[in-house]
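Undergrad: What shape does this take:
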Amino acid sequence: MLRKTAAIFVFGLALLPTLDSSAREPQKHLPATPVVENKIVRARNLGIPFEGTPGKFNAITDVAGVEVGYTTLISGEGALKVGEGPVRTGVTAILPRGHGSLNDPVYAGFFSLNGNGEMTGIAWVEESGFLEGPIVVTNTHSVGVARDAVIAWRIKHGAADKTGYWWSLPVVAETWDGWLNDINGFHVKPEDVAHALDTAHGGAIEEGSVGGGTGMICYEFKGGNGTASRKVDIKIAKDTPPRSFMVGAFVQANCGRRPQLTITGIPVGKEIPGEVYKEESGSIIIVVATDAPLDARDLHRLAARAVFGLGRTGSSYSNGSGDFAVAFSTSPEMRSRFSETAARTRAILPTDATSPLFEAVLEATEEAVYNSLFQATTVRSANGTAEAIPIERVRELLKK
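TA: Got it, this is the predicted structure:
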């Protein structure tokens, strides 16, 4: 059945109702939200003295092959009516090897600093060291439908294994958008997940109030999605030139109290009064990609550094927070395939050479969190307004 007011906004394409693709018809954008209070910028454009060298797009998509897609659901105004809205939610999909290599798993590692959250499929990632399929991020109460939708999408796009059967334990993660979104209305549908997966692409990607980040709040400002990257040169052997690798971080940021917000050591949040929550209760999902040839053990270590990169922005990882990171390697030297049985050698980066990557992921995660703030727009909903961070005020504080 057509949801009368819901609309999908993906990468500035035509607006589509949330129906099966065969029945989609254009719908009008509801103009009341989001409201842009100031011109959005990326953190780097504020003159913040970041360390390290970013890639071309300063995004997770600087890691060759990685693709990102969104479905953004915004509809309704006024008082909350469960099942009707207001709706401020969505889906983010990340394909490690893109659409061209859906059946090639990647080596991966997972880290949780505080476990008040959900990321499905992680037991097998930790057991096997493989990530098989895409990563999807949405709101807390849509994890189940998103997980099932990923399985259906993979069946449609991939072949069965050598025994003739399909097998999938999708990685689907969440943060809670119930302050801005009618989260108990279950507005994310299977076709919304498929749309995010189908439209995933490389290159420049949107940030802020889009996809799974649509209804998220970070440090009591409007938050959402952010990304950044770092290029790393590592000398592996004395007699060989350095090799260049890329590290990219992507965050769905929904954590922190305003007084905690710190930007390159400056307590910015304390200088901008305002309150949304009475106590800290939020989460963050961090996805890290690299083309460095790391095994599952060192990818676990890389994921851990990403979560500690969040600490640079002021997070205290409260009891109510789910702070999860998953890291994967797209390196051709670490390439594997389903049902592989023959033994072969793999060139793994020496453990002693990983430190520059650890530094890079700290830097990229920190910048990605700031980008999630500076790229977000003010969003109004039933409980009130999540204000965009006042960029000119931040600029003044950084100068001072």
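Undergrad: Extract the residue ranges of the stretch 251-400 of the chain that are flagged as low pLDDT.
TA: Filtered on pLDDT under 70, the stretch 251-400 of the chain yields the residue ranges 279-281, 335-346.
Undergrad: do you know how far the closest residue to Ala388 other than its chain neighbours is from Pro86?
TA: Once flanking residues are discounted, Ala388 sits nearest to Thr378: 4.5 Å by Cβ to Cβ, 6 or more residues apart in numbering. Backbone N, C-alpha and C define where each C-beta goes, glycine included. For Thr378, the distance to Pro86 equals 14 Å [Cβ to Cβ, to the nearest Å].
Undergrad: quick one, which of the two is more surrounded?
TA: Neighbour totals were compared for Thr378 and Pro86, and Pro86 leads with 28 against 18 (other Cβ atoms under 10 Å).
Undergrad: surely that one meets Asn181?
TA: Yes: here Pro86 reaches Asn181: they are 7.3 Å apart, a contact under Cβ atoms under 8 Å.
Undergrad: shared neighbours of those two, which are they?
TA: Ser381 (Cβ atoms under 8 Å, 6 or more residues apart in numbering).
Undergrad: okay, now Leu362: neighbour count?
TA: 23.
Undergrad: sec struct for it, please.
TA: Taking DSSP: H, G, I helix; E, B strand; the rest coil as the rule, one finds Leu362 in the helix state.
Undergrad: same question, Asn45
TA: Once three-state DSSP is applied, Asn45 turns out helix.
Undergrad: quick one, helices of the stretch 101-250 of the chain?
TA: Assigned helices in the stretch 101-250 of the chain, in chain order: 122-128, 143-157, 190-198 (criterion: DSSP state H, counting those that start in this stretch).
Undergrad: what about the residue lying closest to Ala159 once chain neighbours are set aside, distance to Glu77?
TA: Nearest residue to Ala159, sequence neighbours excluded (Cβ to Cβ, 6+ apart): Asn103, at 6.9 Å. Plainly put, Asn103 is 44 Å away from Glu77 if you go by Cβ to Cβ.
Undergrad: ok, back up a step: deepest in the core, which of the helices of the stretch 101-250 of the chain is it.
TA: Among the helices of the stretch 101-250 of the chain, judged by mean count of other Cβ atoms under 10 Å, the one packed with the most neighbours on average is helix 190-198 (a mean of 24).
Undergrad: Can you name every helix or strand that that one contacts?
TA: For helix 190-198, the packing partners by 3 or more Cβ pairs under 8 Å, 6 or more residues apart in numbering; DSSP states H and E come out as strand 67-75, strand 87-95, strand 135-139, helix 143-157.
Undergrad: okay if I get the ones you listed as TSV plus mean pLDDT and distance to Gly256?
TA: TSV is the format used below for these (pLDDT from 0 to 100; distance: least, Cβ to Cβ, whole Å):
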stretch	mean pLDDT	distance to Gly256
strand 67-75	98	23
strand 87-95	98	19
strand 135-139	98	18
helix 143-157	96	22
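Undergrad: Take these and write them to TSV, including distance to Ile236.
TA: Compiled in TSV, the helices and strands packed on helix 190-198 are given as follows (distance: least, Cβ to Cβ, whole Å):
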stretch	distance to Ile236
strand 67-75	29
strand 87-95	28
strand 135-139	29
helix 143-157	36
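Undergrad: what's the closest of the ones you listed to Thr227?
TA: strand 67-75 (7.9 Å; Cβ to Cβ).
Undergrad: just to revisit the earlier point, so what's the residue count around the residue nearest to Ala159?
TA: Asn103: 15 surrounding residues under other Cβ under 10 Å.
Undergrad: how close does it sit to Leu362?
TA: The gap separating Asn103 from Leu362 is 33 Å, by Cβ to Cβ.
Undergrad: rewinding a little: Ala303: which of the helices of the stretch 101-250 of the chain is closest?
TA: Closest to Ala303 of these is helix 122-128 (Cβ to Cβ; 10.2 Å).
Undergrad: returning to that earlier point: okay, the helices of the stretch 101-250 of the chain in TSV with distance to Thr290 next?
TA: Converted to TSV, the helices of the stretch 101-250 of the chain look like this (distance: least, Cβ to Cβ, whole Å):
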stretch	distance to Thr290
helix 122-128	16
helix 143-157	23
helix 190-198	22
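Undergrad: okay, stretch 203-220 in CSV with CA atoms only?
TA: Extracted C-alpha coordinates of stretch 203-220, given in CSV (Å, rounded to 0.1, in the frame of the first residue of the first chain):
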residue,chain,number,x,y,z
GLY,A,203,33.2,9.2,-5.6
ALA,A,204,31.8,12.1,-3.6
ILE,A,205,29.0,11.2,-1.2
GLU,A,206,26.5,13.3,0.8
GLU,A,207,26.9,13.8,4.5
GLY,A,208,24.8,15.1,7.4
SER,A,209,21.0,14.5,7.5
VAL,A,210,20.8,11.8,4.8
GLY,A,211,20.3,8.0,4.8
GLY,A,212,20.5,6.3,8.2
GLY,A,213,21.7,9.6,9.6
THR,A,214,18.6,11.5,8.8
GLY,A,215,17.2,11.5,12.3
MET,A,216,20.4,11.4,14.3
ILE,A,217,21.7,13.9,16.9
CYS,A,218,25.3,14.4,17.7
TYR,A,219,26.5,16.4,20.8
GLU,A,220,23.0,17.7,21.0
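Undergrad: Check which residues of it are buried.
TA: Within stretch 203-220, the residues scored as buried using 16 or more other Cβ atoms under 10 Å are 205-220.
Undergrad: What of stretch 81-89?
TA: Glu84, Gly85, Pro86, Val87, Arg88, Thr89.
Undergrad: And stretch 293-310, by the same measure?
TA: 293-296, 298-310.
Undergrad: gap between it and the chain center?
TA: 16 Å (Cα atoms, centre = their mean, to the nearest Å).
Undergrad: Same check on stretch 88-99?
TA: 8 Å.
Undergrad: What's the local residue count around the nearest residue to His157 once chain neighbours are set aside?
TA: Nearest residue to His157, sequence neighbours excluded (Cβ to Cβ, 6+ apart): Leu102, at 5.7 Å. By other Cβ under 10 Å, the residues close to Leu102 number 19.
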